[in-house]
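In: model this:
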Amino acid sequence: MQNRYSHILFDLDGTLVDTHDVDVISLYEVVKEYFPDTLETVESLGRVFGLPAYEALKCIGFSEDKLPEVYAKWCRAIESRAGTVKLFEGVLAVLDILKKRGVKLGIITSRKRADYGKYGILGDYIPLELSPYFIKAVCSDDVKNPKPSPDSLLKYMQDTGAKPQEILFIGDTKTDCECADQAGVDFALALWGYTQREHLNCAYYFASPWSILSAVVDGDCAKLMWFKWAREIQAIGQIGLAYSKDRFDIERFTRLREIALEIMHTYTEAPLEKIKEAFCFDKGYITPKIDTRGAAFDDSGRILLVQESSGLWSLPGGWCEEDGTIFSNVVKELREEACVKAVPYKLIALLDRRRYNNPPLPFGIMKAFVLCQHEALAFVKNNETIERKYFGKDELPLDKLRVDTTSYEQLMMCFAAYENKDWQPIVD
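Out: Numbering: from 1, shown residues only. Next comes the predicted model:
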């Protein structure tokens, strides 16, 4: 799988680091000190976040000569609450995956480089736990005009040689969005940090840091126009056959399906009968199939994988039966493939296979990953699997993964869900 973007840039506060409550409560405390009768509230002050600190204070009504004094008080108030500041859940795991995929990571922040070391965590333009992942940070005082001006992104491009089409900028404020738009860069809104009600027009809307992977990973063939055309023609033919009564229409729609098969056969060199079997397994209105995968962990936090007769390892799972549910199918597949009694208890994710797994298939698949408690029974080889085994994060058989069903990124997602009791399902 290739990368759609070679550079992923992040805003810091509200995107990587959860500082919003600390920042805004501290600011409100200072505002009340100077303006006891203010009509400002904690909620209303959220409008100035994303701006450089002095610009934010000006918007609230502080005069130019008061800015250094007020800013220092604000910083001290934040420092007193610094112990509550933390990274958003999933950030480190996703950054690790992106770095291993060869993606270059950077930070575009409204923090000042001049404040580094002066104001604790507020002054860290690359907090210590993030520093191994980032190649560059552009701060507000590195450019003449900080966000929402495009200067910060333009400086990153000038310093690194990155082109606009190679960059995705992820942020949580309107000023981040405006900065990206003016720089000609795709923008993704970090919904986990966005606190305003105004709708922003963005290339992507990410519900959690894990959603970033769906925008970065690009299938090798799914992006090719012939593949998209073949799938669309197949869908038109199948839907047409479902509703047509006229024999001439039926002939036309049948021919459309044949053309789709011929396109796929010509470009993939796969046997025509195999392609026909994949394309024409269904009748009626075309809808995605459901593939279910069960994630079960032992007491040491290792994940259960099964080895298929091909020698490749995968999460146990398979097609959801017509009369089954996602959870009931997970129970069935773990029993048949891994010889365990499973109790599914939480949905990890419902993902569009096209975004994560190769090779591409000529029909849609939604992949459901489910956390399970389980009891291991005696393993018996069967016609699908020859072994089961538990693996830690650093023990995964990466060179023998069946990546069309189970990718490394999907396994890391399962580990993260298991380790986080408050995990929220990811839904494409």
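
In: so what's L122 scoring on pLDDT?
Out: In this model, L122 is scored at 53, pLDDT.

In: gap between A342 and R4?
Out: Distance of A342 to R4, given as CB to CB, to the nearest Å: 35 Å. Any C-beta I mention is one placed from the backbone N, CA and C, and that applies to glycine too.

In: could you pull up the contacting residues of F391?
Out: F391 sits next to R302, I303, L305, P397 when contact means CB atoms under 8 Å, 6 or more residues apart in numbering.

In: ignoring the adjacent residues along the chain, who's closest to L272?
Out: H265 (4.9 Å; CB to CB, 6 or more residues apart in numbering).

In: I should have written S211 there, sorry.
Out: S211 sits nearest to I426 (CB to CB, 6+ apart), 6.0 Å away.

In: ok, what's across the strand from the one you found?
Out: A349 (DSSP bridges).

In: and it, how far from C320?
Out: Using CB to CB, I426 is found at 18 Å from C320.

In: so what's the backbone phi/psi at the closest residue in space to E308 that isn't next to it in sequence?
Out: If the residues on either side of it in the chain are set aside, E308 comes closest to T385, at 5.7 Å by CB to CB, 6+ apart. The phi/psi pair for T385 (degrees, to the nearest 10) reads phi -130, psi 150.

In: give the burial count for T385, as a bare number.
Out: Neighbours of T385 under the rule other CB atoms under 10 Å: 21.

In: quick one: it and A338 touch, right?
Out: Yes. Counting by CB atoms under 8 Å, T385 does reach A338; the two are 7.1 Å apart.

In: overlap in contacts, those two.
Out: Shared contacts of T385 and A338, counting by CB under 8 Å, 6+ apart, come down to V306, P316.

In: where does pLDDT dip in the stretch 51-200 of the chain?
Out: Along the stretch 51-200 of the chain, segments meeting pLDDT under 70 span 115-125.

In: swap the cut-off to 80 and go again
Out: In the predicted model of the stretch 51-200 of the chain, residues 51-52, 79, 81-84, 114-127, 195-197 satisfy pLDDT under 80.

In: what segments of it are strands?
Out: Taking DSSP state E, counting those that start in this stretch, the strands of the stretch 51-200 of the chain run over residues 86-87, 104-108, 136-138, 167-171, 186-190.

In: distance between the fourth one and the chain's centre?
Out: This points to strand 167-171. 12 Å (CA atoms, centre = their mean, to the nearest Å).

In: next one: the last one
Out: Its chain's C-alpha centre and that of strand 186-190 lie 11 Å apart, by CA atoms, centre = their mean.

In: and stretch 185-205, by the same measure?
Out: 14 Å.

In: before we move on, what about stretch 409-423?
Out: Counting by CA atoms, centre = their mean, stretch 409-423 comes out at 13 Å from the chain centroid.

In: touching, the residue nearest to L272 and E273? I think so.
Out: No. The pair H265 / E273 is not scored as a contact, 9.7 Å apart, by CB under 8 Å.

In: so which of those two has more stuff around it?
Out: The neighbour count for H265 versus E273, taken as other CB under 10 Å, is higher for H265 (17 against 10).

In: the one helix or strand the more buried one maps to - contacts with which helices or strands?
Out: Secondary structure assigned from DSSP states H and E places H265 in helix 247-268. Here helix 247-268 touches helix 225-243, helix 272-279, going by 3 or more CB pairs under 8 Å, 6 or more residues apart in numbering; DSSP states H and E.
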